[in-house]
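Q: what's the 3D shape of this:
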Amino acid sequence: MDKFKFNVPDRDNKRRAYRVNVHGLRVYIPEREESYPARDLSAVGMCIMASEGSFQWGEVFECEVFMEDQSYVSGLYAKVQRLLPDGQVGVSFEELDPRNEARLDKLVLETQKRMINQKRARESSQDPDND
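A: Alright, predicted model coming up:
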């Protein structure tokens, strides 16, 4: 029987979930009545692209995730965990209900599948034995 081996990352590993970049991803914050581009979405958080000084560390806000101008997940609460000088704002999702967690998981998984299929298509088109 083959041996199965895996490593458990130590506590210093900051990545808690797989992240994807989804084309057309935006986050709307009703309290501000403003929408921001977003990237690096995972089931536990995302990166919001904003102007420097737009957010404060530790700030918690309700938000809604849009994909290509269609609401995908609403009623999310995000907490600012990281602020970068170029305006990138790292947030974690707080108190996810099972429905929203499932929707985020599905979006990340579907994006992963699409990326794998695109990579395979590129590789097979470059394979000289494929002619």
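Q: Mind jotting down where the strands sit in the chain?
A: Taking DSSP state E, the strands of the chain run over residues 25-29, 34-39, 45-49, 60-67, 70-83, 88-94.
Q: Can you say which of the ones you listed is nearest to residue 106?
A: Taking CB to CB, strand 70-83 is the member of those nearest to residue 106, at 9.6 Å. (C-beta placed from N, C-alpha, C; glycine too.)
Q: Partner strands of that closest one and their direction?
A: Strand 70-83 has the following sheet partners, assigned by DSSP bridges: strand 60-67 (antiparallel), strand 88-94 (antiparallel).
Q: For it, list the C-alpha coordinates in PDB.
A: Extracted as PDB, the C-alpha positions of strand 70-83 are listed here (Å, rounded to 0.1, in the frame of the first residue of the first chain):
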ATOM      1  CA  GLN A  70     -24.400  41.100 -10.300                       C
ATOM      2  CA  SER A  71     -24.700  40.700  -6.600                       C
ATOM      3  CA  TYR A  72     -23.200  37.300  -5.600                       C
ATOM      4  CA  VAL A  73     -23.000  37.400  -1.800                       C
ATOM      5  CA  SER A  74     -24.700  40.000   0.500                       C
ATOM      6  CA  GLY A  75     -24.800  40.500   4.200                       C
ATOM      7  CA  LEU A  76     -21.100  39.900   4.800                       C
ATOM      8  CA  TYR A  77     -19.200  41.600   7.600                       C
ATOM      9  CA  ALA A  78     -15.600  42.300   7.000                       C
ATOM     10  CA  LYS A  79     -12.800  43.400   9.400                       C
ATOM     11  CA  VAL A  80      -9.800  45.300   8.200                       C
ATOM     12  CA  GLN A  81      -6.700  43.300   9.100                       C
ATOM     13  CA  ARG A  82      -4.000  44.900   6.900                       C
ATOM     14  CA  LEU A  83      -3.400  48.300   5.300                       C
END
